[in-house]
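>>> this one's structure only:
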């Protein structure tokens, strides 16, 4: 009997296939189709993304009717359609409309299709809200329409709205016409057949269509492109603001903040934390405006690209023009007038350091600054950084001090100082390196205390949570590594040359730290032989690491470049005089020269490539060949490896054949030997990744946190694992359905073990959060108060130490500077002057005789009053000392302290990396006096 019913149901579905394909909402229905395997669901999802709803519906129906059938499959299919909002499809299967009603409905659908080019100019958000209130669309429909409007503009959102309305039960046209009338779309109302005399139309207008024309159903999304002027999230012309629609779990975590409480919102990457913050901002400002109170919101971020991202994609689309929104970052000219920016705007998005600088100005009274009482809400993005030493914590320490002063003021019946509401956002507070649950709990409570949070709000995403497949790919040790053996032979020869005995493995991070320590010690002691060898050993060690991570030819290229730079240091630009080459330097040059040919030969032999690269190659090929549209991120340790991995993929035709389009994205700081990426370059790469022009990013940790990177369906951590926060955030980049997260092990990195530890710490963190949430209010507040008082006391101690450090009580004459390489005495501290409180220059004639100048295009940098366009180096040994800068038309040698050994009252120091660490205040550069001397000197020469 069951088989007979199955045949009847299959025939019914097949007879209605053409109609069902046009009215089933595939994405929503697929969630509830539990009798279809995950693999088949994935194929349907890929079809949906690649070819649209109609094609996906065709495949879905084929999967549903395919034999063998499970018991109750037809009822399950109908239930899935109903739960997914495809009620018209349910009607056709259980209680089909009569022919007259069906024909009238088809006419209405065709009418909307023909009028779509005009209808897409509607005020989408307003129409969407009215359609939802009338039951024309579901909550899921509304969310999708609003998302489409935000991401691709008003017209695209309108197309999405139309495609969903026509899937409603017959009779929807009259409700839709009523919506157009209520939203004051008079022309569109009349265009669809609405009567100018009727209050509410009752049925679809009769339109005669030629019978020989084919009307493909539901193709609204292709009828129009949004105008170039429209940006993501904006609405059409006269709409005041885009309505913010939150999911239930988002509203749940936002609720305490809407009631004015300080909270931390902890939600996974990609779950809409920033959207919740925008909603809270809107309600906060609306509430204060309604009460006649001033409202001022500052959104703090810890990276410059995040300023533009939050401004363009989140706060501006939803809150302008009702509220004034402005952005300020370290590379913005607006930072000099930050106080005015705060006065004139309702919402300011800025890097945290800018706010801290202007809070400090207000405290010191040296200039117009900003006070906490000027603000009514501070939103702190990536708030897990609110810990010791961080700029977030400096800002919050000001808050906590004033909070506890306010308690005293209230006891004295004095008026307290108003403080802003605090909202923290994070994907993971981490455990702070804790090894026990109690320590993890303490770490999270300290963050809560630092942010004065009354609650930490979390929510399991339940059905919304993406299931991510995770794997760790172990690597086989090389059976033979002749390339690495040659490099180790070179390193051991250097060890013997200077009698060094390292206690750690060559090609490890520990060895690198050992080599750095040896270099500093030798520089301090003036031992040029050991210092130079230690620097070479560090570079060879990096070459070994690279050969275990990327191709041998990339490692050889790195070593070649280093040696070419060292040889270049030994010649002057005009090549008229050679700089002295020591016996040790000659030994090092010859050592590499002797082994170079052998290394070149080995680097060309793919037999000896590392297994990690093979595993990575296989994984990339698998992801791109098994998915219709693959999009992924590979995280790696260094900028150099990110760039070279990108080049490797670009040069391999196998990757191009399956459509891999890679690029790298790295940080913008200058702490590395590799040229950094500017904010504009980062933005350009991410834009191309978002539009599909690129589909694979190779990134350093810059892409782990915060940056708006579209949903990926695979994430690979390649030989680089840090802490549980980074693990959670990089996993969060894989937001697409059925995404994968893979860790590829690399020799001497121990990433597999570190990943296991991070997984344990993530579990520990979640348990700690639940324990904190289970605390009663009294116990929670007691612990928070204790941690706050402790933090305030520690901050006072820190400030005392900082003040002592800030006291520049040494005389410049107490300082002597020596070349880091050859130990030649260069100058006294009395010869150093400061430009713009930043650049340290030596303008004495004696100093100019000690250095040579070389061009360095990678160093070129231009500012308003100065530019740097070359390097200066020791005339005796070629060691780089700094850069030649042009300041207001004058060439001035600018020194970098890291290139010198500094002697203070006879005690040598080789570890200074910043001028601010020196206990001395140098005099300001006197531009007028210096130019006068130059003119006088020029006149004297002419007289002679």
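Great, that's in hand. The structure displayed is predicted, hence computed values, not measured ones.
>>> what ranges do the helices span in the stretch 501-650 of the chain?
Per DSSP state H, counting those that start in this stretch, the stretch 501-650 of the chain carries helices over the ranges 509-525, 528-549, 552-568, 583-603, 611-626, 639-651.
>>> so the shortest one versus helix 611-626, what angle?
Angle, helix 639-651 to helix 611-626, by axes from the mean of the first three to the mean of the last three Cα atoms, to 10 degrees: 50 degrees.
>>> Which neighbouring elements make contact with helix 639-651?
Contacts defined by 3 or more Cβ pairs under 8 Å, 6 or more residues apart in numbering; DSSP states H and E place helix 639-651 against helix 528-549, helix 552-568, helix 611-626, strand 662-665, strand 696-699. C-beta coordinates here come from the backbone N, C-alpha and C atoms, glycine included.
>>> Out of those, the one nearest residue 183 is which?
The closest of the helices and strands packed on helix 639-651 to residue 183 is strand 696-699. By Cβ to Cβ, the value is 41.8 Å.
>>> Looking at that closest one now, give me its mean pLDDT.
What strand 696-699 shows for mean pLDDT is 91.
>>> Which other helices and strands does that strand contact?
Against strand 696-699 (3+ Cβ pairs under 8 Å, 6+ apart) you get strand 632-635, helix 639-651, strand 662-665.
>>> what's the closest of those to residue 791?
strand 632-635 (32.9 Å).
>>> Please name the strands paired to the closest one in the sheet, noting orientation.
strand 696-699 (parallel), strand 714-718 (parallel) (DSSP bridges).
>>> related to what we said a few turns ago, can you list the helices and strands packed on strand 696-699 in CSV and add distance to residue 373, mean neighbour count and mean pLDDT?
As requested, the helices and strands packed on strand 696-699 are arranged in CSV below (distance: least, Cβ to Cβ, whole Å; neighbours: other Cβ atoms under 10 Å; pLDDT from 0 to 100):
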stretch, distance to residue 373, mean neighbour count, mean pLDDT
strand 632-635, 42, 25, 90
helix 639-651, 43, 21, 90
strand 662-665, 40, 22, 92
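>>> quick one on the thing from earlier: would you turn the strands paired with strand 632-635 into JSON lines with distance to residue 254 and mean neighbour count?
Formatted as JSON lines, the strands paired with strand 632-635 follow (distance: least, Cβ to Cβ, whole Å; neighbours: other Cβ atoms under 10 Å):
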{"stretch": "strand 696-699", "distance to residue 254": "31", "mean neighbour count": "26"}
{"stretch": "strand 714-718", "distance to residue 254": "28", "mean neighbour count": "26"}
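>>> Redo those strands as JSON lines? Include distance to residue 151.
Shown next, in JSON lines, are the strands paired with strand 632-635 (distance: least, Cβ to Cβ, whole Å):
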{"stretch": "strand 696-699", "distance to residue 151": "20"}
{"stretch": "strand 714-718", "distance to residue 151": "22"}
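>>> for these, which one sits closest to residue 293?
strand 696-699 (43.8 Å).
>>> From the chain's centroid, how far away is the closest one?
12 Å (Cα atoms, centre = their mean, to the nearest Å).
>>> Including distance to residue 927, could the helices and strands packed on strand 696-699 go into a markdown table?
Converted to a markdown table, those look like this (distance: least, Cβ to Cβ, whole Å):
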| stretch | distance to residue 927 |
| --- | --- |
| strand 632-635 | 47 |
| helix 639-651 | 37 |
| strand 662-665 | 40 |
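>>> among the ones you listed, which is nearest residue 408?
Distance to residue 408, taken as Cβ to Cβ, is lowest for strand 632-635 among the helices and strands packed on strand 696-699, at 48.7 Å.
>>> tell me the most buried of the helices and strands packed on helix 639-651?
Of all the helices and strands packed on helix 639-651, strand 696-699 carries the top mean neighbour count, a mean of 26, counting by mean count of other Cβ atoms under 10 Å.
>>> which residues are contacting that strand?
620, 630-636, 642-643, 645-646, 649, 660-666, 685, 689, 703, 709 (Cβ atoms under 8 Å, 6 or more residues apart in numbering).
>>> hmm, 6 Å instead?
For strand 696-699, the external contacting residues (Cβ atoms under 6 Å, 6 or more residues apart in numbering) are 632-635, 642, 645-646, 660, 662, 664-665, 689.
>>> Minimum distance to residue 876: which of the helices and strands packed on helix 639-651 has it?
The nearest among these, by Cβ to Cβ, is helix 528-549 at 10.7 Å.
>>> by contact count, what packs against the closest one?
In terms of contacts (3 or more Cβ pairs under 6 Å, 6 or more residues apart in numbering; DSSP states H and E), helix 528-549 is packed against helix 482-498, helix 509-525, helix 552-568, helix 583-603.
>>> quick one, which of the ones you listed is nearest to residue 397?
Across those, residue 397 has its closest neighbour in helix 509-525 (32.3 Å, Cβ to Cβ).
>>> what helices or strands is the closest one leaning on?
Judged by 3+ Cβ pairs under 6 Å, 6+ apart, helix 509-525 is in contact with helix 528-549.
>>> now the helix it packs on: mean pLDDT?
Mean predicted confidence for helix 528-549 is 92.
>>> who touches that helix?
483-484, 487, 491, 494, 498, 507, 511-512, 515, 518-519, 522-523, 554-555, 558-559, 562, 584, 588, 610, 641, 719, 746-747, 822.
>>> any idea how far residue 99 lies from residue 826?
Residue 99 is 98 Å from residue 826, where distance means Cβ to Cβ, to the nearest Å.
>>> still on that earlier bit, could you check the helices of the stretch 501-650 of the chain and tell me which one is nearest residue 80?
When these are compared (using Cβ to Cβ), the closest one is helix 611-626, at 26.0 Å.
>>> Can you give the contact residues for the closest one?
Helix 611-626 is contacted from outside by 473, 475-476, 630, 658, 660, 714, 718, 742, 744, 746, using Cβ under 6 Å, 6+ apart.
>>> With stretch 919-927 instead?
808, 810, 812, 829, 832-835.
>>> Using PyMOL, define a selection of the buried residues within those residues.
To isolate the buried ones among the contacts of stretch 919-927 in PyMOL, judged by 16 or more other Cβ atoms under 10 Å, type:
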select buried, resi 812+829+832+833+835
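>>> Farthest-apart pair in the contacts of stretch 919-927, please.
The span of the contacts of stretch 919-927, defined through Cβ to Cβ, is set by 810 and 835 at 20.7 Å.
>>> what domains does the record give for the protein?
When the chain is parsed with the TED database, its domains come out as 1-94, 99-192, 248-458, 469-475+610-770, 482-607, 812-941.
>>> worst average pLDDT in these?
Mean pLDDT per stretch puts domain 469-475+610-770 lowest among the domains of the chain, at a mean of 79.
>>> thinking again about what came up before, residue 99 and residue 826: which has the busier surroundings?
residue 826 (22 against 8; other Cβ atoms under 10 Å).
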